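**Q** need coordinates for the following:
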Amino acid sequence: MLQLNIPDQEFWDEKNEQFMSLKGRRLVLEHSLVSISKWETKWKKPFLSDAKKTNAELIDYIRCMTITQNVDDSEYLRLTNENIKEVENYISDPCTATQFFNTDPNKKNGKKEQITSELVYYWMAAAQIPFECEKWHFNRLMTLIRIYSIKNQPSKKMGKRDTMRQNSSLNNIRRQKMGSHG
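**A** Numbers count the residues shown, from 1 in each chain. From the prediction side, this is the model:
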């Protein structure tokens, strides 16, 4: 959860020809599967793609992340560059101590699958992860899904040829230890 502070602001109202003051505001945000799903419903494209987001798309995602009730849309226009940077840092925070290492060095890096909120919901259902977890920080949820995937991979069996090689090698080592020839 991120608490974002929009500072007090003063501006010139040309219509009334006077300075206006706007009180600061605190917004509570959560980068979650729910937020991503809301954003994808509106924009009809995957949020998790590598494509650069426009300023309007980013501001709208912040709106989708907002947990604070009764926030006027004009409040989002008052976000500072520092506020935007805070949100970007929060989104990229792994929110977990879990680290993954290359579990399969033979795996080829092919074309990346397009990840959408529906796909993540599918993964949750397949892993029997309760849907209440959709409100977790998104990176933490993805870590849980990845752990489930790794832990449920079938153990790799050796082929016949590899098994025969290993047995032959072990037999040779035993013969040398025992001084035997057959």
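**Q** list the buried residues of the helix or strand where S37 lies.
**A** Using DSSP states H and E, the element containing S37 is helix 33-43. Buried residues in helix 33-43, defined by neighbour count with 16 or more other Cβ atoms under 10 Å: L33, V34, S35, I36, S37, K38, W39, E40, W43. The way it works is simple: take the backbone N, C-alpha and C, and place the C-beta from them, glycine included.
**Q** skipping adjacent residues, who's closest to T116 in space?
**A** P46 (4.8 Å; Cβ to Cβ, 6 or more residues apart in numbering).
**Q** would you mark the buried spots in stretch 115-130?
**A** Applying 16+ other Cβ under 10 Å to stretch 115-130 flags T116, S117, V120, W123, M124, I129 as buried.
**Q** ok, those residues vs R165, which is closest?
**A** Taking Cβ to Cβ as the measure, R165 lies nearest W123 of the buried residues of stretch 115-130, at 37.8 Å.
**Q** for the spatially most central residue of the chain, helix, strand, or coil?
**A** When Cα atoms, centre = their mean is applied to the chain, the residue found nearest the centroid is N139 (3.4 Å). Following DSSP: H, G, I helix; E, B strand; the rest coil, we place N139 in the helix state.
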